[in-house]
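[1] give me a model of this one.
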Amino acid sequence: MHTSPLDQPGTGDAGGMNVYIVESAKRLAQSGVEVDIFTRATARDLPPVAELAPGVLVRHLTAGPYEEMDRADLPGQMCAFLSEVLRIEAMYEPGHYDVIHSHYWLSGQVGWLAKERWGVPLVHTMHTMAKVKNRLLAEGDRPEPQARVVGEEQVVQIADRLVANTADEAHELIDLYGAAEQRVAVVNPGVNLTVFQPASQGAARQRLGLPQGARVLLFVGRIQPLKAPDVLLRAASRMLIDDPSLRGRLVVACVGGPSGNGLARPSILTELATELGIADTVRLVPPAPQHELADWYRASDLTVVPSHSESFGLVALESQACGTPVVAAAVGGLRTAVRDGVSGLLVDGHDPHDWAQAIGGLLTDPARLAALSAGAREHAAAFGWQATSARLMDVYAQAVAHLHRQPVAVNS
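    Prediction:
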């Protein structure tokens, strides 16, 4: 409900969830599953229906003003969004949809009511959870509201199946939300191994205008406190203090745009780079399409993912698929996406000094960096979207079979 799969990931509310929905929907369609994606129209000139891929339709629903809405205002549009969902389903013969798969709690609330109306199972993926985010808040970040916490608890209780990205997330659903263990299924997200694959670092740097002899550190993601790009800038500043010879050779590239609480200070990274005296080192790049993003990964020595919370961390997987090791925070799904000491390093906490030591230690150890690069490719190769969609189809089948063994109350 709050973001379209057609939006460019890396800005606004578009991120890993968008990639997840696009890639899994494509693979489901290739397996013979017809997929309709309902999303809110954010512009008047959007077509009512757009084909994302053969067998995958994106339906733009009118719910609230077309211009950008703050996510906090979206609950007020749930009734309008649900009404449009039900109207479209009513154009078909009864039983047109077999399963509802909702993503994020707002869509879960809509899915709850559609489930009751249609008599079909609801499968839900949280992607992020308020209780988890609120335990791991960045300094100065705003906690998620209690209304979201309650909304998530309701979806957890009503969903026929809950899809967790990792075993850690499954435990959080059970321990923090009281989810029934038998209704929780772990399905790891994947990576597009056709787009994200190793290639010449030199050629990628030439295409992106980066110096061939530079030491390049990469951040990819939305610019907001949750993703903690400031940790990378502060670590880079510490590295330059510890080793002044890096000045002129170090490039810190941040690919993404402001989002969420970061919209309040869209120029925060520019201001911070100036304050730290590293403005000449930092390169801010707008969100990039996948083929260009793959070049950024290939061009970099390391990708840095210092998030305070991540349900999985697709950026880490994409980077590793391109052969670029990752230094990531030891939180959430990043503990699954990165194999510590094999495909990258996991860092406890967010102290810039610790991050500078971890990053700097790798940059000065070419042999270890090469070993991690090989490990990164091998680790990422185990995560393909085809496996994700196959596992999702198993979850759907289980949900359908379980529902049909029980009496279902369907509103008339």
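[2] those helices in the stretch 51-200 of the chain, which residues are they?
    Along the stretch 51-200 of the chain, the segments classed as helices by DSSP state H, counting those that start in this stretch run 78-90, 104-118, 130-135, 146-158, 167-177.
[3] same question for the stretch 301-412 of the chain.
    314-321, 334-337, 352-363, 366-380, 385-403.
[4] out of these, which is the most enclosed?
    Comparing these by mean neighbour count (mean count of other CB atoms under 10 Å), helix 314-321 comes out on top with a mean of 30. No exception for glycine: its C-beta is placed from N, CA and C like everyone else's.
[5] quick revisit: mind putting the helices of the stretch 301-412 of the chain into TSV with distance to Ala214 and mean pLDDT?
    Below are these laid out as TSV (distance: least, CB to CB, whole Å; pLDDT from 0 to 100):
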stretch	distance to Ala214	mean pLDDT
helix 314-321	17	96
helix 334-337	26	95
helix 352-363	11	97
helix 366-380	15	97
helix 385-403	32	94
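[6] quick one, which of the ones you listed gets closest to Trp105.
    Closest to Trp105 of these, according to CB to CB: helix 385-403, at 18.6 Å.
[7] what's the angle between that closest one and helix 104-118?
    Per axes from the mean of the first three to the mean of the last three CA atoms, to 10 degrees, the angle that helix 385-403 makes with helix 104-118 is 40 degrees.
[8] now do helix 385-403: everything it contacts.
    Under the contact criterion CB atoms under 8 Å, 6 or more residues apart in numbering, helix 385-403 has outside partners 23-24, 26-28, 30-31, 33, 98-99, 101, 120-123, 160-161, 163, 185, 187-192.
[9] type out the ChimeraX command that picks the buried ones from those residues.
    Buried residues within those, by 16 or more other CB atoms under 10 Å, are selected in ChimeraX with:
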select :23,24,26,27,28,33,99,101,120,121,122,123,160,161,163,185,187,188,189,190,191,192
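[10] mark which of the contacts of helix 385-403 are part of strands, please.
    His101, Leu122, Val123, Arg161, Val163, Ala185 (DSSP state E).
[11] which two among these are spaced furthest apart?
    Spatially, the most separated pair among the ones in strands among the contacts of helix 385-403 is Leu122 and Ala185, at 13.4 Å (CB to CB).
[12] between the two, which contacts overlap?
    Common neighbours of Leu122 and Ala185 (CB under 8 Å, 6+ apart) are Arg161.
[13] quick one: buried residues of stretch 56-69?
    Within stretch 56-69, the residues that count as buried by 16+ other CB under 10 Å are Val56, Leu57, Val58, Arg59, His60, Leu61, Thr62, Ala63, Gly64, Met69.
[14] can you show me the CA trace of it as CSV?
    Taking C-alpha atoms only, stretch 56-69 is exported to CSV below (Å, rounded to 0.1, in the frame of the first residue of the first chain):
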residue,chain,number,x,y,z
VAL,A,56,2.5,-9.9,-13.5
LEU,A,57,0.1,-7.0,-13.4
VAL,A,58,0.5,-3.8,-11.2
ARG,A,59,-2.9,-2.3,-10.4
HIS,A,60,-2.8,1.4,-9.4
LEU,A,61,-5.6,2.2,-6.9
THR,A,62,-6.8,5.7,-6.1
ALA,A,63,-6.6,6.1,-2.3
GLY,A,64,-5.9,9.6,-1.1
PRO,A,65,-4.1,12.5,-2.9
TYR,A,66,-1.9,11.6,-5.8
GLU,A,67,1.0,13.6,-4.6
GLU,A,68,3.5,12.1,-2.2
MET,A,69,1.9,11.3,1.2
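[15] check contacts around Ile174.
    Going by CB under 8 Å, 6+ apart, Ile174 touches Ala180, Glu181, Val184.
[16] can I get the helices of the stretch 51-200 of the chain in CSV with mean pLDDT and distance to Ala390?
    Formatted as CSV, the helices of the stretch 51-200 of the chain follow (pLDDT from 0 to 100; distance: least, CB to CB, whole Å):
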stretch, mean pLDDT, distance to Ala390
helix 78-90, 95, 27
helix 104-118, 95, 22
helix 130-135, 92, 27
helix 146-158, 96, 25
helix 167-177, 96, 19
